[in-house]
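Student: Here you go, sequence then predicted model.
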Amino acid sequence: MGRRGRSLRSRRAVSEVIATILLLALTVVLFSSIFAWVSAFPRPPAQNSNQFQARLTVSPNGTGTGGFITAISITHLAGPALSSLTAVYVRSHYFPTSSQYTGTYTLAQGGVAPLSNTTWNLGQTWVLTSFVPAGSPCTAPCQPYAYYGSQPDIISLFVYYDYQVLFSVSLSVAATTQTYAFLATGTSPVTPVIGGPFTIWASIQGVFPGGGTSVKATLSGLPGLSTDTTPVSMTYSASTGLWSYAIALGTTTAAGTYYVPVTAVTTSGYGWSGTTAIPVYITPYSTLIGSVFTMGSPVAAAAKCTAADAPLAACQAANDYYYKITITESTVTFGQVLFEVLTSSRTVYDGTTHGAFAVALSTTLTTVAASYVTATPFAMQMPSSSFTSYGSGLSGASALTTSYVIELDVGTVNPTGTGLNLLVIGTGPYTSYTSVALP
């Protein structure tokens, strides 16, 4: 019995060990199954820790210590779309009882979720402006979402949905500096001539509706105005949206590049300002000759000169080819124009093989008012010395009116159909050229 009792006790001990091992294995398998099952659940998308972003748009007051809020904006950055049940609270630290800081604003009052859209979606910005929307607790003429005073403030914003705070932030209404933006500046004309009249102008962003802006220019940097150090007021035109000031005829005295400083400031206590410098390019050659001198269509170049001075004053010899061109507009003088003939490839017509080049201005075709004739055959281009001969009582300062006719002797080779062009080049106060095709 003693040996048998010991055998039974030994078998009982082995059974307990096996049971413990089986229980442990069952626990591990059960836990693994539950972990795998839970791990298989779909995970929610990662959320941005900052679901909203808020900012104040502040225009400074006259003291520069604070200002009034012109806009409050909150942008929806992350999370699900919000329904029209969403509300926004705007609270002031220094003005807690003001009506604009005691009410509740809806999405529609901030421009979000109108009748056609009842949700505040990702990327949309809720904005309260200085204009009173429908249903606002503040009515005109009060500043609906702000104040105007010398005391800086702290504005707290809360976004509620179904009595749950989704977002809160406190923003300071600190001293700020607002500047005018000069969008464009210039002169009219773009390159004024010495002593000629012109206008400086500027396009400015930030002009207060109804006025309150002063724009002044200092002209002392222009030649002839060095002693004019007192700023002059520029005038605003509602039709063009430009500020401008006219410089009178005979004011400037030299050519070159100069600058006119311009300053814009508010006159109604808001502290806005801005400065720029308008470049002024003054040249003695600014007016396009084509604006004061034009020509008509020339006659065909089939006829030949019959003899010297016949049938035109420009004819140098018999059998030379000629053109005759009328003047349709002219306010220049004889000394302010030069003539040349170009080929279709824009090179000067070669007179060395075509005979002498001659140009004449006449009233009766054979009576010369002014002429230029090459001394020896060379390129058909009048030099800067202009005409070499004038009729009785005429000079380079005499008016070249439409009563005169342009005559050309282009040499011995028939140029018909070769694509020649007559250029009239401006000198003195004129620049560039005007041209007419020679058939």
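Tutor: Yes, it's here.
Student: Only C-alpha atoms from now on, for both contacts and neighbour counts.
Tutor: Will do.
Student: So this structure: which segments form each domain?
Tutor: Domain assignment for the chain by automatic domain parsing gives 52-173, 181-284, 289-438.
Student: Ranked by average pLDDT, which of these falls at the bottom?
Tutor: Least confident of the domains of the chain, judged by mean pLDDT, is domain 52-173 with a mean of 71.
Student: what's the span of it, first residue to last?
Tutor: 19 Å (C-alpha to C-alpha, to the nearest Å).
Student: how close does the nearest residue to S330 once chain neighbours are set aside get to I325?
Tutor: Nearest residue to S330 in three dimensions, chain neighbours excluded: F293, at 4.4 Å (C-alpha to C-alpha, 6 or more residues apart in numbering). Per C-alpha to C-alpha, F293 is found 13 Å from I325.
Student: ok, back up a step: ok, now which ones touch the residue nearest to S330?
Tutor: F293 makes contact with I327, T328, E329, S330, T331, V332, T434, according to C-alpha atoms under 8 Å, 6 or more residues apart in numbering.
Student: one more time with 7 Å, if that's ok
Tutor: E329, S330, T331 (C-alpha atoms under 7 Å, 6 or more residues apart in numbering).
Student: now those residues as JSON lines including secondary structure and distance to N319?
Tutor: Putting those into JSON lines (DSSP: H, G, I helix; E, B strand; the rest coil; distance: C-alpha to C-alpha, whole Å) gives the following:
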{"residue": "E329", "secondary structure": "strand", "distance to N319": "31"}
{"residue": "S330", "secondary structure": "strand", "distance to N319": "31"}
{"residue": "T331", "secondary structure": "coil", "distance to N319": "34"}
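Student: Let me see the ranges of the helices in the stretch 51-200 of the chain.
Tutor: Assigned by DSSP state H, counting those that start in this stretch, the stretch 51-200 of the chain shows no helices.
Student: which residues of it fall in strands?
Tutor: With DSSP state E, counting those that start in this stretch as the criterion, the stretch 51-200 of the chain has strands at 52-60, 67-76, 82-83, 87-92, 104-106, 119-120, 125-129, 153-161, 164-173, 181-188, 198-205.
Student: The domains of the chain: which one's closest to A36?
Tutor: domain 52-173 (28.3 Å; C-alpha to C-alpha).
Student: now the strands: where do they sit in the stretch 301-439 of the chain?
Tutor: 322-330, 332-333, 337-342, 358-362, 368-373, 389-390, 399-400, 405-409, 420-426, 430-431, 433-438.
Student: Mean neighbour count, these: which tops it?
Tutor: Comparing those by mean neighbour count (mean count of other C-alpha atoms under 10 Å), strand 358-362 ranks first with a mean of 27.
Student: Looks like Y259 contacts P279 (just checking).
Tutor: Yes: counting by C-alpha atoms under 7 Å, Y259 does reach P279; the two are 4.5 Å apart.
Student: From P231, how far off is V341?
Tutor: 51 Å.
Student: cool, G417 as well?
Tutor: On the measure of C-alpha to C-alpha, G417 and P231 end up 61 Å apart.
Student: Give me the more crowded residue out of the two.
Tutor: Neighbour count, other C-alpha atoms under 10 Å: between G417 and P231, P231 has more, with 15 against 10.
Student: who's in contact with the more buried one?
Tutor: P231 neighbours (C-alpha under 7 Å, 6+ apart): K216, A217, T218.
Student: For L420, which non-adjacent residue is spatially closest?
Tutor: Nearest one to L420, counting by C-alpha to C-alpha, 6+ apart, is T343 at 4.7 Å.
Student: Can you list phi and psi of the one you found for me?
Tutor: Main-chain torsions, T343, degrees, to the nearest 10: phi -80, psi 180.
Student: From F293, how far off is it?
Tutor: For T343 relative to F293 (C-alpha to C-alpha), the value is 22 Å.
Student: give the contact list for the closest residue to I200 other than its chain neighbours.
Tutor: Sequence neighbours aside, T187 is the residue nearest to I200 in space, at 4.4 Å (criterion: C-alpha to C-alpha, 6+ apart). If you count contacts by C-alpha under 7 Å, 6+ apart, T187 has them with F198, T199, I200, W201, V280.
Student: what's in contact with stretch 158-172?
Tutor: Under C-alpha under 7 Å, 6+ apart, the answer for stretch 158-172 is F52, L85, T86, A87, V88, Y89, V90, D153, I154, I155, S156, L157.
Student: In JSON lines, list the residues you listed along with neighbour count and distance to T252.
Tutor: Listed next are the contacts of stretch 158-172 as JSON lines, based on neighbours: other C-alpha atoms under 10 Å; distance: C-alpha to C-alpha, whole Å:
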{"residue": "F52", "neighbour count": "20", "distance to T252": "58"}
{"residue": "L85", "neighbour count": "13", "distance to T252": "68"}
{"residue": "T86", "neighbour count": "19", "distance to T252": "66"}
{"residue": "A87", "neighbour count": "19", "distance to T252": "64"}
{"residue": "V88", "neighbour count": "22", "distance to T252": "61"}
{"residue": "Y89", "neighbour count": "17", "distance to T252": "61"}
{"residue": "V90", "neighbour count": "20", "distance to T252": "58"}
{"residue": "D153", "neighbour count": "20", "distance to T252": "52"}
{"residue": "I154", "neighbour count": "15", "distance to T252": "54"}
{"residue": "I155", "neighbour count": "22", "distance to T252": "55"}
{"residue": "S156", "neighbour count": "16", "distance to T252": "58"}
{"residue": "L157", "neighbour count": "21", "distance to T252": "59"}
